[in-house]
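In: Got a sequence here, can you build the structure:
(chains A and B)
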Amino acid sequence: SVLAATCVKKQELLQELFSELCACLSPPSSSSKPASLSEELKLAVIQALHTLMHSAYGDVILSLYQPSTLPLLGFAVSLLLGLAEQEKAKEIKVSALKCLQVLVLQCDCQGHRHLDEDEAQQCGDLFASFLPGISITLSRVITGDIKQGHKTTVAAIRLFYLIVGLVMADAQLARIPKTKEKLPVEQSRISELMVHRGPDWSKSTAEKLSLLLRKMVEVTSVHPHWKVRLELVELVHHLLRNCSQSLVDSFSHLLKALVGLVNDENSEVRSRCNEVLQGIAEQGIVAQNRALADVLSENLHSLATALPRLMSSQDDTGKGSTLSLLLGYLKLLGPKINIVLNSVSHLHRLSKALMQVLELDVTDVKIVEDRRWGCEGACGAAGSLQHGVQKGRGQKKYFRFFTEEKVFQLLQQVCRVLGYYGNLYLLVDHFLGLYGESGAYRKQAAMVLNELIVGAAGVGVDVLQEREVSPNMDDLKGSIVTILDEYTDQANWYLVTSIDAEEIGPPPAGQPSGLAARPGGVRGSVLLPPPEPHVTARAMNSNIWQICIQLEGVGCFAAVLGKEFRLLLLSALYPVLEKAGDNTLLIRETALGTLVDMCEACSYDSLQGLINENSDYLVNGISLSLRQPAHQPRASQVLDTMLRHSDASLLPLVEDVIQDVLSALDQSHHDQASTFLRVLHSVMTALVRWFGSSCGREHRHGQAAERPSGTLSQGRPVVTRQEVERFFLDYVRQKRMAEGDLPDAGDEVADEVPPLAQPEPNSPDTEGETPLPSHAQLAKGVMERCIHLLSDGDLRVRLRVLDVLELCVTALQPHGNHLLPMAHRVWPALVTRLISDDPLAVLRAFKVLCTLAQKCGDFLRQRFSKDVLPKLTSSLLSQAPASARAGPVYSHTLAFKLQLAVLQGLGSLCEELDMGESDLNKVADACLIYLSAKQPVKLQEAAQSVFLHLMHVDPDSTWLLLNEVCCPHRYEPPHVSLRPVRLGGMGRQRNE
Amino acid sequence: MALPPPDPQFVLRGTSAAVHTLHFSCGGQEPDVPVLFSGSENGFVHVWNLKTHRVDTTLDGHGRKSVYCVETLGGKNRLLSQGRDQRICLWDLAEGRTSVTDSVFTENVGFCRCSLLKVAQGRWLMAMAAKALEEVQVLELPSKTSVCTLKPEVGAKLGMPMCLKLWQLSCGSQPLLLAGYEDGSVVFWNLSMGKALSRLVCHQEPVMSLDFDSEKAKGISGSSEKVLSIWSLNEQQNLQVYKTHTLVNAGISDIAIRPDQKILATAGWDHRIRIFGWKKLKPLAVLDYHSATVHCVSFSDHKNPRERLLAAGSKDHRISIWSIYTQT
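Out: Okay, here's the model as predicted:
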């Protein structure tokens, strides 16, 4: 403790004190263990030694490092080493190591005089003789029991690299003369102890050190304490900086450790590691040092070879570290990567490893099954879609060899770094080769290609040093065009992804019976049971994924090229839109994601903008594809997608091509009609949607009129008082109007009149001779085709036609002058459907009829009462006993649904068509039996709604009729409840 | 079994009117974008960029009257257009300009396309139907000086000139003119003498179009009837019928021989484009795309024969671009 305050200036004093202190620690003579002393003493002595070294004055201390004092120094070193290794107490160990550190003049603390080169050299020479002892002991300490505590290990590591760094420093070794200098004779004994650090010595030492380092690295890189790992990073850093030539053999281990620690869980280690790597890369140690590059590429090669095996055997963390190792090598190699890539075997190994690792799991059958059932009902999704896909960035993929997202991200980075540094042409060429080589590699190769391009553009790639030359846009574009061509090649783009009959070809005949039994087939397209699946689900799944990956690739390319991609839209947009209309959910969503990417890249503000601005390209594609029967379904998909995602402003642009569709339909064979019907359906849906404001008003009104009756009948079997009251109030009003007694504006009765009682305004017939707007013209054109197709042999086609027809009627509604003649022409065919067809078709046709009635009003009255009504009533009558007898299962049958639909529609139909009395009677008669309690409840409700409507048309006779039947049944309650209302409300009715 | 006829490589839409005339300019070097000029019924000349397949510029210089002839003078920067407003306009399109530099008032009410011939650097001859009914006038461009006026003999009753083709045997030799007339005859004129050398009645109906191959000294003409007539010019400079070819459907509105003289294309009233081998007039293909009369056909002047295109403009407002027989 006194020593700390003093300053030792005298050389002799220092030596004396030093030897004295050492003697304190030294064992009594013979035994090699310094065991006999107490721990406190040892600690005190070590600290004293430590202090002594610190308090020794500048030059004086150097006197200790003369060859002549070598034995003394050696003694001290071995003593301290012994303490560090064998002592139990952590404190002693640590302080011994610290002291040793001071002893070799590498103390951390400030205030030491910096050694100049010669002095350092001299010390280096001196310490070289201790190196074997120190390094072996230290490595033993480092690799020793973990229980010794991290501090000891850290101190040992530090000491190790400091001393090794000093002795093996490149700068010092370079200055060592070839021959050992002759020392004065009197020192010859000592000089025997001195080591000459010639090339031979350094080589053999490096070999030995390499062994030690390897062992140390292995142990410490997985050391649980982060400080140890941090110190390891420092070790690598120090050695790489100072001994990059002398210790070249050890570098593979050192770098491996360093690279592996890049993804350490501790952020400090990570950042320091990154710093060090950055430093290494920046100094160009690797780039300039051929030997190091060789080491790295050798490591890379062996790692690539082992990668598939490791990936299949390790757990996810292990895989992660393996891959980060791979990534680290690539990053370190930096621009030198091309040396590796130019070697065929390297490239081969690497790519094969990637191919195997990236293998996808394609056993999930759900992807194949997950598809859009028909195209109806999806129009509402168009709006929400923009938000849905926004930044979905690729579908989650399932890999065979790993599940963790992090692993995939690492692989992505690997590919990107390759693309960033590597020769793009070479890589693209190679992976395209793999892509074409075998179906097994195709998906992976596509994935790699996508990432390569992303990396080459420098997007989302994390690198240590800038590349020398960034590739110019033309090269990038050239590569992209090549890949794009390959992707969208027919053989790679049109893969079998479904066994959907609709896509494969015309369905086999003789299916209607099967269809009728299918309960879900009322709405939505009915899919036939799949024919012999000659493509396995696995293969289809694989195909789906391939398409998705390719689509994602297109999105990447767009993002990379930015506005430049606009030029490629000519070829790329059409295929993508084609897929956006695909039936497989996954493909569709991926394609939509790609479209969003394209939008962003080409700076269109919306999907709609993208489609509208480039509609000429699309229209061209569609029109050309329509000419070939095999491509027609796809062309219709594209058109479908376009319509779905755009608005009315698109119409002038696609009008042309819709005409093409119509003419293609005219020329095509009947078996292709279903394809076209899909398009027609989407066209009409779009038209109704776009121009709905002009033609939908009344339509909505009509629905509004239906709704209250619907809710009413569903809610309770009893007519509510309010309803009845309203009805009668309305009745009074109408009566007054009929008598010429028009109510004033302020009439309170009029205020209460609900909208449902308002008379249906007639379709405006004021259209005159004004030319038909284009959308109506199209609707008319479509309707005309529908007439021909109504009698198609295939049930599915007929059903679809009826759907389209309904939409046509809605679209044409404001143009009565055109609608009525069309209705006239449609009528015969429609009647046939209504009277003698499959129940499914009848059902649909009846719906069309209702719509038509809404639009055409009394135009249909005559025809309806003559052609359809008798048949309807008679079928209702004949079906009634069956439904009355039937059990609960009956409500799932088609017959029931038909009855229900007819009953539900008939009422409003009568009202809208303003039927004559005899017809009303017929209707009433037919419906009356459905009021029976034996009938299923739903039918009863529907029948009630009929009567409600009938009341609107002709309240008196309806009332009379109902009264005649009412008494004995359970149906009394409604009428009982009616009566007081009637009495209280209006006396007039009562009088009758 | 022959291959089925191909689809158009591309279809250009957006003229919003019937297309009456087409002219390619694709001879430029790399940075130069190949373009196609189209003249349509609504009086616009559209400049189509053949890389983006979109209209680069729209020229409006004929008062919304149908444009029925467009030609380039040299590169794609100098354009000539002829419209039903009885004017022939010369355009300067360099550096994005779209101005009419000069115009010629033809005073002719017909729809006979003019014909251009380059006689020297920066000098062209242009033959056009003149004001007088049966006459053809030849002007020198850009000076607009009249070179000669070709009047048929009195009593020849040729009717109006319907189509013209200026040509010369080799550069520097005297310019010659072939003219098809309303009465169905083709007349061979010597410009320097201003006199008809030969007259051949090839058709019963007006000659709608003709093209001439000066190397083989053979020409072809089409009319509103079902016959294509091939005639040749012998050493005595007399026209004689070489061959006739009967078509299925009547009416040919335009004929073009490909610059390499291997095939020719006809624009038919039956909505079809027909391709023939020029040597023996072997029918090669019927290109069926348009849904209305095809008004014009034109071959491109690409330097690389592989890239050569055929364009057809039709009444259905579309221009179809075909890549056909590029290998032969």
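In: Could you check which helix or strand contains A:V619?
Out: A:V619 is part of helix A:615-626, with elements assigned from DSSP states H and E.
In: what packs against the helix or strand following that helix?
Out: Using DSSP H and E, the helix or strand that follows helix A:615-626 in sequence is helix A:632-644. For helix A:632-644, the packing partners by 3 or more C-beta pairs under 8 Å, 6 or more residues apart in numbering or on different chains; DSSP states H and E come out as helix A:569-580, helix A:615-626, helix A:651-667, helix A:673-690. For the C-beta atoms, the positions are set from N, CA and C on the backbone; glycine is no exception.
In: In space, what's closest to the closest residue to chain B within the stretch 701-850 of chain A - neighbours in sequence excluded?
Out: Closest to chain B within the stretch 701-850 of chain A is A:S774: 13.0 Å, counting by C-beta to the nearest C-beta. Counting by C-beta to C-beta, 6 or more residues apart in numbering or on different chains, A:E655 is the residue found nearest to A:S774 once chain neighbours are left out, at 5.7 Å.
In: What is the burial count for the one you found?
Out: 15 (other C-beta atoms under 10 Å in any protein chain shown).
In: again with A:Q490
Out: Under the neighbour criterion other C-beta under 10 Å, A:Q490 is assigned a count of 9.
In: so what's it up against?
Out: Taking C-beta atoms under 8 Å, 6 or more residues apart in numbering or on different chains as the definition of contact, A:Q490 has no neighbours.
In: Now do the same contact list for the spatially closest residue to B:T106 that is not a sequence neighbour.
Out: Leaving aside its chain neighbours, B:T106 sits nearest to B:Q86 (5.0 Å; criterion: C-beta to C-beta, 6+ apart). When the contact criterion is C-beta under 8 Å, 6+ apart, the partners of B:Q86 are B:105-109.
In: From B:M208, how far out is B:Q86?
Out: Look at B:Q86 and B:M208: by C-beta to C-beta, to the nearest Å, they are 20 Å apart.
In: Repeat that for A:Y574.
Out: Going from A:Y574 to B:M208 by C-beta to C-beta gives 37 Å.
In: Please point out which parts of stretch A:344-357 sit buried.
Out: A:346-347, A:349-357 (16 or more other C-beta atoms under 10 Å in any protein chain shown).
In: secondary structure class for B:S291?
Out: Secondary structure state of B:S291, per DSSP: H, G, I helix; E, B strand; the rest coil, is coil.
In: Need the per-residue pLDDT for it.
Out: The pLDDT attached to B:S291 in the predicted structure is 87.
In: For it, grab phi and psi.
Out: In terms of degrees, to the nearest 10, the main-chain angles of B:S291 are phi -110, psi 20.
In: I'd guess A:H348 is in a strand, am I close?
Out: No - the assignment for A:H348 (three-state DSSP) gives helix, which keeps it out of a strand.
In: which strands and helices sit next to the host helix or strand of A:S302?
Out: Here A:S302, judged by DSSP H and E, is contained in helix A:290-313. Packed against helix A:290-313 by the contact rule (3+ C-beta pairs under 8 Å, 6+ apart) you find helix A:251-261, helix A:285-288, helix A:316-333, helix A:337-342, helix A:344-357.
In: do that again at 6 Å, thanks
Out: helix A:251-261, helix A:316-333, helix A:344-357 (3 or more C-beta pairs under 6 Å, 6 or more residues apart in numbering or on different chains; DSSP states H and E).
In: And the contacts of the last one?
Out: Taking C-beta atoms under 6 Å, 6 or more residues apart in numbering or on different chains as the criterion, the residues outside helix A:344-357 that touch it are A:301, A:304-305, A:307-308, A:311, A:340-341, A:401, A:441, A:444, A:448.
In: residue boundaries of the strands in the stretch 151-300 of chain B?
Out: According to DSSP state E, counting those that start in this stretch, the stretch 151-300 of chain B carries its strands in the segments B:161-167, B:176-181, B:185-190, B:195-201, B:207-213, B:218-223, B:227-233, B:239-246, B:252-257, B:263-268, B:272-277, B:283-288, B:294-299.
In: Nothing else from me, thank you.
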